[in-house]
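K.L.:
I would like to see how this sequence folds:
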Amino acid sequence: MRWLLTGLVIAAAGIAAAQDAHIGERLYDRYCGACHGETGAGDGPMTRVLTPPPPDLTRLAAQNDGTFPRRRVVWRIDGRDPILAHGNEMPVFGELLAGEALDIRDETGEVLHSTQPMADLLAFLESLQVR
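P.N.:
Numbering: from 1, shown residues only. All right, here's what the predicted structure looks like:
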């Protein structure tokens with residue numbers, strides 16, 4: 001029983017260490033803030049020239065019955081699920097967020113094949129959600 005608890009603690013620590021919201025914030029500032037705004041509310045300086053305007057990223061969980069849609073967010077960012085934005089598809093950031101391969105869990109617990117930078121960005125976006 002003691003080994004089981006030790007294993008669970010180690011596994012939980014590994015999962016927590018896999019995502020770094022502080023690194024994700026830097027990635028967000030670099031790649032997302034111009035359109036989605038400093039706080040993620042969809043009010044970045046590029047908004048006035050984008051049709052349709054970027055979504056409010058702070059409300060993704062609220063618009064999904066309180067569950068942050070991890071799979072949809074990752075797929076929209078890396079280009080697996082393109083979305084129409086500013087007259088064409090939202091820029092695909094998959095190559096810009098390339099890095100060490102990392103499996104993360106989506107909102108249902110299924111494995112999502114992604115990268116470390118994407119996991120960090122995802123952690124930051126989750127931290128923006130209004131409660």
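
K.L.:
Where do the helices of the chain begin and end?
P.N.:
2-18, 21-31, 33-36, 70-78, 116-127 (DSSP state H).

K.L.:
Out of those helices, which gets the lowest mean score?
P.N.:
Least confident of the helices of the chain, judged by mean pLDDT, is helix 2-18 with a mean of 44.

K.L.:
roughly how far is stretch 35-43 from the heart of the chain?
P.N.:
Centroid separation between stretch 35-43 and its chain, computed with CA atoms, centre = their mean, to the nearest Å, is 14 Å.

K.L.:
what are the C-alpha coordinates of that stretch, in PDB please?
P.N.:
Extracted in PDB, the C-alpha atoms of stretch 35-43 (Å, rounded to 0.1, in the frame of the first residue of the first chain):
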ATOM      1  CA  CYS A  35      -5.100  39.100 -31.500                       C
ATOM      2  CA  HIS A  36      -6.600  37.700 -28.300                       C
ATOM      3  CA  GLY A  37      -5.400  40.500 -26.000                       C
ATOM      4  CA  GLU A  38      -3.200  40.700 -22.900                       C
ATOM      5  CA  THR A  39      -5.800  39.000 -20.700                       C
ATOM      6  CA  GLY A  40      -7.200  36.700 -23.300                       C
ATOM      7  CA  ALA A  41     -10.500  38.500 -23.600                       C
ATOM      8  CA  GLY A  42     -10.300  38.800 -27.400                       C
ATOM      9  CA  ASP A  43      -9.400  42.500 -27.300                       C
END
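
K.L.:
can you pull the contacts of the residue nearest the centre of the chain?
P.N.:
In the chain, the residue lying closest to the centroid (CA atoms, centre = their mean) is Leu122, at 2.6 Å. Contacts of Leu122 were listed using CB atoms under 8 Å, 6 or more residues apart in numbering, and they are Gln19, Gly24, Arg70, Val73, Val74, Ile104, Ser114. C-betas here are computed from N, CA, C, even on glycine.

K.L.:
As CSV, those with distance to Gln63 would be great.
P.N.:
What follows is the contacts of Leu122, written out as CSV (distance: CB to CB, whole Å):
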residue, distance to Gln63
Gln19, 22
Gly24, 20
Arg70, 14
Val73, 12
Val74, 17
Ile104, 21
Ser114, 22
